[in-house]
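Q: Below are the sequence and a predicted model for it; my questions follow.
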Amino acid sequence: RWTMQGTLEGVFMRIPPTSKRVQLSGISINCFANGRSVESWEEADVIGMMK
């Protein structure tokens with residue numbers, strides 16, 4: 001699981017800059033075989049960030 005935080009200072013996904021703090025959380029799942037990444041899935045709560 002991960003969380004990113006920042007300030008919306010530029011256009012993001014057609015959202016104009018607001019100078020407000022935003023937070024995006026999500027999860028990353030990675031599968032490894034023989035020491036190498038062979039699959040990766042990611043999911044992020046973009047709708048939650050837009051609120």
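A: Here it is on my side, so go on.
Q: Let me see the backbone angles for the residue lying farthest from the centre of the chain.
A: What lies farthest from the middle of the chain is residue 34; by C-alpha atoms, centre = their mean that is 27.9 Å. Backbone torsions for residue 34, taken as degrees, to the nearest 10, come to phi 50, psi 40.
Q: Could you check how far it is from residue 26?
A: Distance, residue 34 to residue 26, using C-beta to C-beta, to the nearest Å: 27 Å. For the C-beta atoms, the positions are set from N, CA and C on the backbone; glycine is no exception.
Q: Pretty sure residue 47 sits in a strand.
A: No: counting by DSSP: H, G, I helix; E, B strand; the rest coil, residue 47 falls outside a strand, being helix.
Q: ok so, going back, model confidence at the residue farthest from the centre of the chain, what's the number?
A: On pLDDT, residue 34 comes in at 97.
Q: Please apply the same query to the one 10 residues further on.
A: Per-residue pLDDT puts residue 44 at 95.
Q: any idea how far it is from residue 24?
A: Residue 44 sits 6 Å away from residue 24 when distances are taken as C-beta to C-beta.
Q: just residue 45 next, same as before
A: As judged by C-beta to C-beta, residue 45 and residue 24 stand 7 Å apart.
Q: By mean pLDDT, point me to the weakest helix or strand of the chain.
A: Least confident helix or strand of the chain, by mean pLDDT, DSSP states H and E, is helix 46-50 with a mean of 84.
Q: Give the rounded mean pLDDT of stretch 4-18.
A: 91.
Q: CA atoms only: put it into PDB for me.
A: Written as PDB, here are the backbone C-alpha positions of stretch 4-18 (Å, rounded to 0.1, in the frame of the first residue of the first chain):
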ATOM      1  CA  MET A   4       1.300  10.200  -2.200                       C
ATOM      2  CA  GLN A   5       0.700  13.700  -1.000                       C
ATOM      3  CA  GLY A   6       1.300  17.000  -2.800                       C
ATOM      4  CA  THR A   7       0.000  20.400  -3.800                       C
ATOM      5  CA  LEU A   8      -2.200  20.800  -6.900                       C
ATOM      6  CA  GLU A   9      -0.200  23.500  -8.700                       C
ATOM      7  CA  GLY A  10      -0.900  22.600 -12.300                       C
ATOM      8  CA  VAL A  11      -3.700  21.000 -14.400                       C
ATOM      9  CA  PHE A  12      -4.200  17.300 -13.400                       C
ATOM     10  CA  MET A  13      -6.700  15.200 -15.400                       C
ATOM     11  CA  ARG A  14      -8.500  18.400 -16.500                       C
ATOM     12  CA  ILE A  15      -8.700  19.700 -12.900                       C
ATOM     13  CA  PRO A  16      -7.400  23.300 -12.800                       C
ATOM     14  CA  PRO A  17      -4.800  24.200 -10.300                       C
ATOM     15  CA  THR A  18      -6.100  25.000  -6.800                       C
END
